[in-house]
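Enquirer: have a look at this prediction, sequence included:
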Amino acid sequence: MDKGIHATIVTGGGRGIGRAVSLRLAAAGPVIVVGRTEKDLASTVAAIAAAGGRADMVAGDVRDPAVARAAVAKADALGWTVRNLVCNAGIGRSGPTATFDMALWREIFAVNVEGAMHFVQACLPRMLAARGGTICLMSSIAGLKGYACTAAYAASKHALVGLARSLGQEHGKHGITVVPICPGFVEGEMTDRTVAGIMERRGIGEDEARQRVAAVNPQRRIIPPEEVAEAVAFVCSGKVPSLGGDPLVMSGGE
């Protein structure tokens with residue numbers, strides 16, 4: 001066993017931002033990647049191993065609190081101390097608020113908000129005992145401002161910002177830094193769905209639709225997930241604990 005080795009748990013670690021975050025943080029210590037698709041998780045673990053890092057995986061749905069407990073137990077079994085938590089797993093759907101399916105509303109909150117809370121509650125006892133740790137909650141620019149036809153997604157991401165601020169007030173004195181990360185549009189499946197929706201609604205091609213999405217970001221580009229991973233790595237470095245509770249906005253000034 002690797003006694004005293006600080007590890008990171010990353011939810012949604014099989015693809016997109018979560019995979020990029022896992023690969024980046026593995027350069028500093030072992031990572032437990034969590035997600036629903038074993039094939040994707042195994043690919044991330046293999047990529048980390050190929051780069052000389054250490055990782056393991058826990059397959060499961062973040063809506064189930066047992067999955068969070070299993071991730072912490074996995075770290076314990078390996079002799080790793082959970083020092084960082086990155087709650088990245090999330091889903092997003094859009095649609096007119098007046099007719100939005102309430103079952104889908106509840107699913108979005110169950111994954112985005114309750115899923116994060118399960119992992120926070122599972123990891124906090126170790127962090128409190130160690131009097132230190134970092135929690136990154138992957139919010140969005142939609143966690144700071146509203147967008148038409150995204151009421152459920154925006155409300156869930158606003159909730160993560162509120163959760164981070166409250167945790168910061170409660171546990172900052174214990175050496176725990178909690179930061180909501182709020183990027184604009186990031187390359188990945190969620191942005192691809194947005195592009196597809198624009199193509200369908202506007203009757204335009206993919207290139208034009210992607211240009212419209214990119215134009216929402218003041219830098220006129222869709223953010224690569226590796227850039228978000230660098231921001232997360234900066235927070236997890238612990239070099240600026242005064243970030244705690246405040247959103248780290250990655251929108252180019254939007």
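Expert: Cool, the structure landed.
Enquirer: spatially central residue for the chain, please.
Expert: Residue closest to the mean C-alpha point of the chain, counted by CA atoms, centre = their mean, is Asn88 at 1.7 Å.
Enquirer: wait, isn't it in contact with Gly12?
Expert: Yes. Asn88 lies in contact with Gly12 (CB atoms under 8 Å); the separation is 4.2 Å. All C-beta atoms are positioned from the backbone trio N, CA, C, and that covers glycine.
Enquirer: sorry, back to before: residue contacts, the residue nearest to the centre of the chain?
Expert: By CB atoms under 8 Å, 6 or more residues apart in numbering, the contact set of Asn88 is Val10, Thr11, Gly12, Gly13, Ile17, Gly18, Val21, Cys136, Met138.
Enquirer: host element of Leu124?
Expert: If you go by DSSP states H and E, Leu124 is part of helix 115-130.
Enquirer: and the spatially closest residue to Arg36 that is not a sequence neighbour, what's its pLDDT?
Expert: With CB to CB, 6 or more residues apart in numbering as the criterion, Arg36 has its nearest non-adjacent residue at 5.6 Å, and that residue is Asp61. For Asp61, the model assigns a pLDDT of 98.
Enquirer: and Ile135, by the same measure?
Expert: The model's pLDDT for Ile135 equals 98.
Enquirer: wait, is it part of a strand?
Expert: Yes. Counting by DSSP: H, G, I helix; E, B strand; the rest coil, Ile135 is located in a strand.
Enquirer: surely it and Gly175 touch.
Expert: No. Using CB under 8 Å, Ile135 makes no contact with Gly175, being 11.9 Å away.
Enquirer: okay, the two: which has more neighbours?
Expert: Each of Ile135 and Gly175 has its neighbours counted (other CB atoms under 10 Å); Ile135 has more, 28 against 16.
Enquirer: separation between that one and Cys182?
Expert: 15 Å (CB to CB, to the nearest Å).
Enquirer: give me the number of residues near the residue nearest to Cys87 when sequence neighbours are not counted?
Expert: Spatial nearest neighbour of Cys87, excluding adjacent residues (CB to CB, 6+ apart): Ala116 at 3.9 Å. Residues near Ala116, counting by other CB under 10 Å, number 29.
Enquirer: repeat for Gly205
Expert: Gly205 has 10 nearby residues by other CB under 10 Å.
Enquirer: dihedrals phi and psi, it?
Expert: According to degrees, to the nearest 10, the main-chain angles of Gly205 amount to phi -80, psi 170.
Enquirer: that one contacts Ala196, doesn't it?
Expert: No. With contact defined as CB under 8 Å, Gly205 does not count as touching Ala196 (11.6 Å).
Enquirer: just the pLDDT for Ser94.
Expert: Turning to Ser94, the model gives it a pLDDT of 87.
Enquirer: please read the previous query as pertaining to Ala50.
Expert: If you check Ala50, the pLDDT there is 98.
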